[in-house]
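Peer 1: kindly return the folded structure for what I paste below:
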Amino acid sequence: MAMRGMSRRVVRGAVSFVALWMCSAGCDTSLDAPVDPSGSGGSGSGGTGAGSFASEPGSGGSVADVSGGDVSGETGEPSDVLPSGPSGVEPSASSGEEPSGSGGSSESRPECEIAEDCGGGQICDVGVCMCPEGLELCRGVCVDTQTRSDHCGSCGFDCGDFVACESGRCAADLCDDANVCNGCGPLEGELDAPCGGRCGVLVCDGRDALRCFDPGVNACEACGPLEGEPDRACGPCGDGVQRCASGGTALTCERATTDCVWQEMSAGDRHACALTDGGTLWCWGEGQHGRLGNGSSAEVNAPVQVSSAEEDAGPAWSDWASVSAGDDHTCGIREDGTLWCWGRGRAGLLGTGSEEGAQRPVRVRAAEGSGEEAWSDWRSVSAGRDHTCGLRENGTLWCWGRGDQGALGHGDTAFANVLPVQVAGTRENEPWSDWRSVSAGVGFTCGIREGGTLWCWGRGVEGQLGSRTEGFVEPRTTPAVVTPSEEDGGTPWRDWVVVGTGTRHTCGLRENGTVWCWGSSEAGRLGNGSEVAGVVFTPSQVRASSQTEVPWRDWDTLAVYGSHSCGIRNDGELWCWGAGSLGRLGDGDASNGPRPRRVVNDTTGATSSDWTSVDPGGAFTCGMRGRSDLWCWGYAQHGQLGIGVPGSPFRSTPQRTPDPGQEP
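Peer 2: Residues are numbered from 1 along each chain as shown. Next up is the predicted model:
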C-alpha cells in the first residue's frame, strides 16, 4: 500500500502477509501503540517497533497517531516530545554500541577468503570481513548510519516510524513521503514482488530498504514453512491423517474422530472389536479370513480401525451403532440401520447371497422374494460360530449361514443359507414379530420375546435348549420354550431379560436378579458348584462363590461364550465361572471355576467395583470399567487382548487395552 500525498498522517491499513509472517515470532504489528517519549525510538534493540508494517526484529520504533502536528503519548495528551531527538542534536548510542568510522564496527570480524564467506553486505579485505567504506556493521548487516532511521548516527539508535535520518540525525518532524515499510522516501522495488528463486519475495529491510527473502519449498511443494509434516497421524484419537491444504501453505487433519473413548465391545473366538463414542469401530487379534475388517488377514496385536466397504472410496465410517464378533466373522449395524458383515463366508455366514468371504464390510441383503435388495431397519445382530441372526425394528427375527442343525429356526436343515430366512413360530410355523433379543451359539440359537418368555432351537443333545425332553437326537428346527424343572415350578418363566449362548451351554438372567444355566456341566460352566461332565436339561441356578452362601439375587448383567460365563452384580463387581484354562476367569488362576470367581485387578488380589460391561471370548474375556477403560485377559497368543504384545501365551489378570489410535 503506497502512502503518497499523506502529509503528517499515519495511515492505518492492511499489512503485507509476508511481513506479518516474518514478524510472527516477536513483532508488534499494531498501529495503535503510542510514541515512546524517551527519545530512544521505542523498542530500540529489543524488537520490532509498534506499528511497523514489515520491520524485522530489532528495527524498533512505534507509531503515533498524529493530527495537526501533535504527537500523542499513552495518555492521549499533546506532547512536544519528538519520536527521536530534535533536529540538530547528536543521537546518543543508547544501544550501547559505540559509533565508528566508515566501515568500522564494534562487532567481531570473521576471517574470510571471498566475499561469500562474510554475508550481510560485507566484503573480504585481506582475509577479514568488513563493510564497504561509508557503511557500518549493525547486527550483522552493513548499513548507512547517515540515512538509516533505525540506525541513525550509530547502531541501534532508532528515530521511530515515519521520521527520516538526515546526515546521521533524526528529522524534527514526520515525513511527507512515507513508504510501506514505515520509513521515509522511495524504495527500490515493490513489497512482496518476486525475486531470487521460486519462493523469493521482497520484504522490508528496516524502514528504508527492501531485501529478497526466500523461505524455500516445503513438503507440500509450496513456499514457506509448515507446522508439522504431511501424512503423519493427527487428531485427539491419533486416527487422523495430516494432509496439505490452502495451496500447500498449511496442513489439515482429515478423518480424525473427536471422541476416542470405548463405548461398547464384543469378544469373538480369537479376536475382539469395540466401538467408540465417536462411532468408529476397531478390531484386533486373529485376522484370518478378514474377520478384523481392515482389508487384511494379518494378525494384529492392538486395535485397528475397520475400513469402509470396498466400493466406498471414502474414509473409514464413523457411524457404527453396534458390533458382534463371532468365531471367524464379525457383523455390525450402522446408525442408518444397515447391517454389514465381514470375515469367513462359508455356508453364507455373511448373508450376502454367496459363500464368498470378505476382508472389508459387505452389506447383508434382504431375504429372497422380499422384493428388496437390502433392509435398513436392523435393530441388533448376533454372530455365532457358523451362523448369524439379526432382529429388525418390526420385531421379526432372521438368521442365515449353516442350518443343518436347525440353528436358523425356520423349519429346515439345509446346510448353506446365503440369505436371511425368517425364524418360524410354533403354530404352523407362522413367524412371530415380537422378538426382543437373540443370541447365536454353536449350532443353536436362543431368543427372548416381548412377554419375557425364552425360546431356543437347533442342536440340543447336551441340554443347551432348556427342554425337559431327554435323549432326543434330531435337532429342533423351530423355537421351543425354555421350561424349568418341576421342582422350580414346571411352567415357563415370563421374566427373562438376558440370554447368552456358549458352545454347549446356555445362561439367562431373570428380572429378579437371579442367573440360571443349563446344558453341559463340564468344567463347571453352569456355575452350580459342579464340574463333573454331565447334562442338565432344565435351568439350574448359579450359586454364590462360597459353599455356605445362598445364591445371589443381585446380578445386573450376563454374558456367555465358549465354555465360560461372566456377570456383573449391582455393586459393580465382576465374576466369572466355567473353564478356567489360560486365565480366562481373570482371578489370577487357571483352574476351572464351578462357582463364580471374582475378577481381580492384578496379582495382588485387589478388586474393583466399577465394572460396567463384560463379554467372554473363545478362551479370553474383555470387560469395561468406569466410562471407557477396556480390559482383557486370558489367551493372548493371537493378539486378542489388544495389548500390543505378540506371541504372549496368556494373562490371568486384566490387561489394559489401549485407547483407539494410541500405542500400547
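Peer 1: going forward, measure contacts between C-alpha atoms and count neighbours the same way
Peer 2: Noted.
Peer 1: who are the contact partners of residue 463?
Peer 2: Counting by CA atoms under 8 Å, 6 or more residues apart in numbering, residue 463 makes contact with 470, 504, 505, 518, 519, 520, 535, 536, 537, 538.
Peer 1: reformat these as TSV; add distance to residue 277, secondary structure and neighbour count.
Peer 2: TSV is the format used below for these (distance: CA to CA, whole Å; DSSP: H, G, I helix; E, B strand; the rest coil; neighbours: other CA atoms under 10 Å):
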residue	distance to residue 277	secondary structure	neighbour count
470	47	coil	13
504	34	coil	26
505	33	strand	33
518	36	strand	28
519	37	strand	28
520	38	strand	25
535	42	strand	18
536	41	strand	21
537	41	strand	27
538	40	strand	24
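Peer 1: run a quick neighbour tally on residue 460.
Peer 2: 28 (other CA atoms under 10 Å).
Peer 1: from residue 564, how far off is it?
Peer 2: Per CA to CA, to the nearest Å, residue 460 is found 18 Å from residue 564.
Peer 1: cool, residue 223 as well?
Peer 2: 62 Å.
Peer 1: so which of these two has more stuff around it?
Peer 2: More crowded of residue 223 and residue 564, by other CA under 10 Å: residue 564, with 31 against 18.
Peer 1: my guess is the more buried one contacts residue 578. True?
Peer 2: Yes. Taking CA atoms under 8 Å as the definition, residue 564 is a contact partner of residue 578 at 4.3 Å.
Peer 1: what sits in contact with each of those two?
Peer 2: 525, 585.
Peer 1: give me the low-pLDDT residue ranges for this protein?
Peer 2: Applying pLDDT under 70 to the chain flags the ranges 1-108, 236-239, 257-259, 429, 469-474, 661, 663-664.
Peer 1: helices along that one, start to end?
Peer 2: For the chain, applying DSSP state H gives helices covering 17-23.
Peer 1: burial measure for the residue nearest to residue 317 when sequence neighbours are not counted, as a count.
Peer 2: Excluding the flanking residues, the one nearest residue 317 by CA to CA, 6 or more residues apart in numbering is residue 308, at 5.7 Å. Counted with other CA under 10 Å, residues neighbouring residue 308 total 19.
Peer 1: with the one 3 residues further on instead?
Peer 2: Applying the criterion other CA under 10 Å, we find 9 residues in the vicinity of residue 311.
Peer 1: one more: residue 184?
Peer 2: Residues within reach of residue 184, counting by other CA under 10 Å, total 24.
Peer 1: leaving out chain neighbours, which residue sits closest to it?
Peer 2: Counting by CA to CA, 6+ apart, the residue nearest residue 184 is residue 178, at 4.5 Å.
Peer 1: the one you found touches residue 187, doesn't it?
Peer 2: No. In this structure residue 178 lies outside contact range of residue 187 using CA under 8 Å: 10.1 Å.
Peer 1: okay, those two: which has more neighbours?
Peer 2: Remark: of residue 178 and residue 187, residue 178 carries more neighbours, 28 against 16, as counted by other CA under 10 Å.
Peer 1: show me what contacts residue 347?
Peer 2: So residue 347 contacts 355, 386, 401, 402, 415, 416, 417, 418 (CA under 8 Å, 6+ apart).
Peer 1: residues contacting the fourth one?
Peer 2: Read that as residue 402. Contacts for residue 402 (CA under 8 Å, 6+ apart) come out as 347, 348, 349, 386, 387, 408, 414, 415, 416, 417.
Peer 1: the last one now?
Peer 2: Contact analysis of residue 418 by CA under 8 Å, 6+ apart lists 347, 348, 349, 350, 351, 352, 353, 354, 355, 400, 401.
Peer 1: one more time with 7 Å, if that's ok
Peer 2: Each residue near residue 418 by CA atoms under 7 Å, 6 or more residues apart in numbering is listed here: 347, 348, 349, 351, 352, 353, 354, 355, 400, 401.
Peer 1: name the nearest residue to the second one, sequence neighbours excluded.
Peer 2: The one in question is residue 348. Residue 348's closest residue in space is residue 418 (CA to CA, 6+ apart), at 3.7 Å.
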